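Trainee: Fold the following for me, if possible:
(chains A and B)
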Protein chains: 2
Amino acid sequence: MEKKISSAVIKRLPRYYRYLSELLEGGTERISSQELSQKMNVTASQIRQDFNNFGGFGQQGYGYNVAVLREEIGKILGLDQSYQVIIIGAGNLGQALANYAGFEKRGFLVSAIFDINPDKVGNMAGKVEVLDMKDLESYVASHQVDIAALTLPKAKAPEVAADLVKMGVRAFWNFAATDLNLPDNIPVENVHLAESLMRLSYNIVNVSQDS
Amino acid sequence: MEKKISSAVIKRLPRYYRYLSELLEGGTERISSQELSQKMNVTASQIRQDFNNFGGFGQQGYGYNVAVLREEIGKILGLDQSYQVIIIGAGNLGQALANYAGFEKRGFLVSAIFDINPDKVGNMAGKVEVLDMKDLESYVASHQVDIAALTLPKAKAPEVAADLVKMGVRAFWNFAATDLNLPDNIPVENVHLAESLMRLSYNIVNVSQDS
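Mentor: Alright, predicted model coming up:
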């Protein structure tokens, strides 16, 4: 991509993709920015501005072609490729990720899940077997691994992530309540659940009382 | 609070709280904005600006008192209160939330988890029993419920959320891949995992190749 797109726009793209996927599933073939804006509860001008970052996606008199627009946004998001994912930590959260069929539909393929607990090793989590952490290095050496999802305790996460970078893992989906501090060219997407919950309590105390 | 604090500042407060909690656990009593900025990988001026929104928390020559600063930020985040949480959906994700002791430590107390699946009703998830969805209304009528965490399928989530608002639930922690469209005075914190994963693939395709 030639132009630098703002992170605020990038943050909104997956939501567009979600709405367009639902529209397509529901059989909608075309939609105007006006209709889309009502559905998504954002202004039509915001939608047009966001889309103009990518050349506007050719809205005509009839509005956008839903399938084409969805595919274009999918390409920008890298969803025209598939990604091999391993999960580190076979606790409830790791198992929830392994079992979530929605990721596979988007091209994120969970190939293995690892844990140090011998009681868990050998069990199935979704369609994959729980493997022993001591076999992690040989697994990564012999399989393509694009993304590691970290659902292990925070004390271990930065060290395991640094090791995985050395082994060649390209990106991290981090659920551990800590920062990983990896090199800048390694994308990390943090899902800090405790922080999300604190924003909720902030809003309970400060926002809901305003109205 | 008199002054309107920007949502970007609010978004950063939980991260400050996390670092201060770790410093306190590690025995650090005082810290300068300089040291904190190095640890957190943000500028010291950003930290001072953020804290100035709340009167600056009285940094002196020696820096901030970690315990006091943590408590002040905790109060702003509403962590000086406790919250009764119910979880709707006893799948892997619902169970992961029910089992996560870290929430209880912050004052978020899971009192019940609900599911429609008769095979799950009566099982334990963490310290609470899985209750039948048909008992949801009578449960909420007879117990304080501040927050409902939604880990049920997206097709059901908006309807269940609207019902819960009528029953008096004040806030939602939404893991369903849909928008809830609730009244403005009802805080909602969305955790859209599929969208998070799409931002990661975007960064794999666009960012990691730049470097």
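Trainee: list the helices and strands the helix or strand bottoming out on mean pLDDT in chain A packs on?
Mentor: Least confident element among the helices and strands of chain A, by mean pLDDT, DSSP states H and E: helix A:101-105 (a mean of 85). Counting contacts by 3 or more CB pairs under 8 Å, 6 or more residues apart in numbering or on different chains; DSSP states H and E, helix A:101-105 packs against helix B:193-206. C-beta here means a position set from N, CA and C on the backbone, and glycine is covered the same way.
Trainee: So which elements touch the helix it packs on?
Mentor: Helix B:193-206 packs on helix A:7-25, helix A:101-105, strand A:171-174, strand A:188-190, going by 3+ CB pairs under 8 Å, 6+ apart.
Trainee: helices or strands next to the strand ranked longest in chain A in the packing?
Mentor: Longest strand of chain A, by residue count under DSSP state E: strand A:108-115. Using 3+ CB pairs under 8 Å, 6+ apart, the elements in contact with strand A:108-115 are strand A:83-88, helix A:92-99, strand A:128-132, helix A:136-142.
Trainee: Turn these into JSON lines, columns for distance to A:Asn53, mean pLDDT and mean neighbour count.
Mentor: JSON lines is the format used below for these (distance: least, CB to CB, whole Å; pLDDT from 0 to 100; neighbours: other CB atoms under 10 Å in any protein chain shown):
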{"stretch": "strand A:83-88", "distance to A:Asn53": "24", "mean pLDDT": "97", "mean neighbour count": "24"}
{"stretch": "helix A:92-99", "distance to A:Asn53": "31", "mean pLDDT": "92", "mean neighbour count": "24"}
{"stretch": "strand A:128-132", "distance to A:Asn53": "38", "mean pLDDT": "96", "mean neighbour count": "18"}
{"stretch": "helix A:136-142", "distance to A:Asn53": "36", "mean pLDDT": "98", "mean neighbour count": "14"}
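Trainee: Just tell me which of the ones you listed ends up closest to A:Asn185.
Mentor: Across these, A:Asn185 has its closest neighbour in strand A:83-88 (16.8 Å, CB to CB).
Trainee: Any residue of the closest one touching chain B?
Mentor: Yes: Strand A:83-88 is in contact with chain B by CB under 8 Å from any CB of the partner chain, via A:Tyr83.
Trainee: what comes up buried for the least confident helix or strand of chain A?
Mentor: For helix A:101-105, a neighbour-count test (16 or more other CB atoms under 10 Å in any protein chain shown) marks A:Phe103 as buried.
Trainee: Just the CA trace of it, in PDB.
Mentor: Extracted in PDB, the C-alpha atoms of helix A:101-105 (Å, rounded to 0.1, in the frame of the first residue of the first chain):
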ATOM      1  CA  ALA A 101     -15.200 -22.200  14.400                       C
ATOM      2  CA  GLY A 102     -15.500 -18.500  13.300                       C
ATOM      3  CA  PHE A 103     -11.800 -18.100  13.100                       C
ATOM      4  CA  GLU A 104     -11.400 -20.900  10.700                       C
ATOM      5  CA  LYS A 105     -14.000 -19.400   8.500                       C
END
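Trainee: Can you name the residues in contact with it?
Mentor: Residues outside helix A:101-105 that contact it (CB atoms under 8 Å, 6 or more residues apart in numbering or on different chains): A:85, A:97, A:110, B:177, B:194, B:197.
Trainee: got a list of what A:Arg170 touches?
Mentor: By CB under 8 Å, 6+ apart, the contact set of A:Arg170 is A:145-147, A:186-187, B:204, B:208.
Trainee: One more pass at 10 Å, please.
Mentor: A:83-84, A:144-148, A:164, A:185-187, B:200, B:203-204, B:208 (CB atoms under 10 Å, 6 or more residues apart in numbering or on different chains).
Trainee: now do A:Ala176
Mentor: A:Ala176 touches A:88-89, A:93, A:150-158, A:160-161, A:190-192, counting by CB under 10 Å, 6+ apart.
Trainee: Now with 7 Å, please.
Mentor: Counting by CB atoms under 7 Å, 6 or more residues apart in numbering or on different chains, A:Ala176 makes contact with A:150, A:152-154, A:157.
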